[in-house]
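**Q** Predicted structure and sequence below. I'll ask about it afterward.
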Amino acid sequence: MKMNVLNRVALLFLCVILISWAFPDKTKIFLIGDSISVQYWPYLREYMASWADMERKKDDGQAEQNLDVPTGANGGDSRMVLAYLRARFKDASFQPDYLLLNCGLHDIKHDPITDIIQVEADDYRKNLNAIFTLLREKKVKPIWIRTTWVVDSIHNSKSSSIKRYAVDVDEYNGIADEVCKEYDIPSIDLYEFSKKLGIEHVIDHVHYDQSTRTLQAAYITGFVQHILTGKSASGL
């Protein structure tokens, strides 16, 4: 299974030169996501450099000081992403061609004492609807990235300030799937991709080792290439 994934990623790299020929003018792509995106970002920017102008939510390094607290490049929960985009679009110069987007891991955070979830499921759905409506109005094409997996026994034994549960990841990914289908938005299944690589690549409660970050970036790169060339990426 792992070799299958690695072989597919290797094949995706062969497309880099071809897509640079197909798109001589670089595509403008903006990334906003959680701390997982903060960690794969350097590799994603490198892999897309020949054919895309990549930008992300600005950061001066503070996001990595505490990956559980959404600051800097860490987009946070769906409320924060919506608020950020509403503010950012007030600047007329902000007009990417595509928005690579994820939020979910911060939405499903539970208070360890009260067990209250940060963003209720109904509100998560409303926030995604508002985000995609805003992007449609601004004529920016979204590409959704499914929230990566949570292993209860690992996460909640290593994190005392935040609790997360796999059942919530499944529910919120399901909500995002439904909203993406409604708006006809392509979705990158980073959840299944990361899960197939194996539990041994989880280095703390929810983040991944460096080799996984490079593979996540490669997988996303290949998917975006397929979207830009008009080919189906469903088999990746």
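**A** Nice, I can see it.

**Q** Next, the closest residue to Tyr208 other than its chain neighbours: phi, psi?
**A** Counting by C-beta to C-beta, 6 or more residues apart in numbering, His201 is the residue found nearest to Tyr208 once chain neighbours are left out, at 5.3 Å. Every residue, glycine included, has its C-beta placed from N, CA and C. Dihedral pair for His201: phi -90, psi 0, per degrees, to the nearest 10.

**Q** likewise Ile143?
**A** Main-chain dihedrals, Ile143, degrees, to the nearest 10: phi -130, psi 120.

**Q** now the strands for the chain?
**A** For the chain, strands defined by DSSP state E occupy the ranges 27-32, 52-56, 98-101, 141-145, 187-188.

**Q** Minimum distance to Arg164: which of those has it?
**A** Proximity to Arg164, assessed across the strands of the chain by C-beta to C-beta, is greatest for strand 141-145 (17.5 Å).

**Q** so what secondary structure elements neighbour that closest one?
**A** With contacts defined as 3 or more C-beta pairs under 8 Å, 6 or more residues apart in numbering; DSSP states H and E, the secondary structure elements packing on strand 141-145 are strand 98-101, helix 121-137, helix 166-183, strand 187-188, helix 210-228.

**Q** Contacts for the first one next, please.
**A** To tie it back to what came earlier, the one meant is strand 98-101. Strand 98-101 is contacted from outside by 27-33, 37, 81, 131, 135, 140-145, 220, 224, 227, using C-beta atoms under 8 Å, 6 or more residues apart in numbering.

**Q** Buried among those residues? Make that a PyMOL selection.
**A** Buried residues within the contacts of strand 98-101, by 16 or more other C-beta atoms under 10 Å, are selected in PyMOL with:
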select buried, resi 27+28+29+30+31+32+33+37+81+131+135+140+142+143+144+145+220+224+227
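
**Q** Can you tell me the number of residues neighbouring Lys126?
**A** Using other C-beta atoms under 10 Å, the number of residues around Lys126 comes to 16.

**Q** For it, give me its contacts.
**A** Counting by C-beta under 8 Å, 6+ apart, Lys126 has no contacts.

**Q** distance of it from Leu31?
**A** Going from Lys126 to Leu31 by C-beta to C-beta, to the nearest Å gives 23 Å.

**Q** so where is this protein shaky, pLDDT-wise?
**A** The model of the chain has pLDDT under 70 over residues 1-24, 59-72, 157, 231-236.
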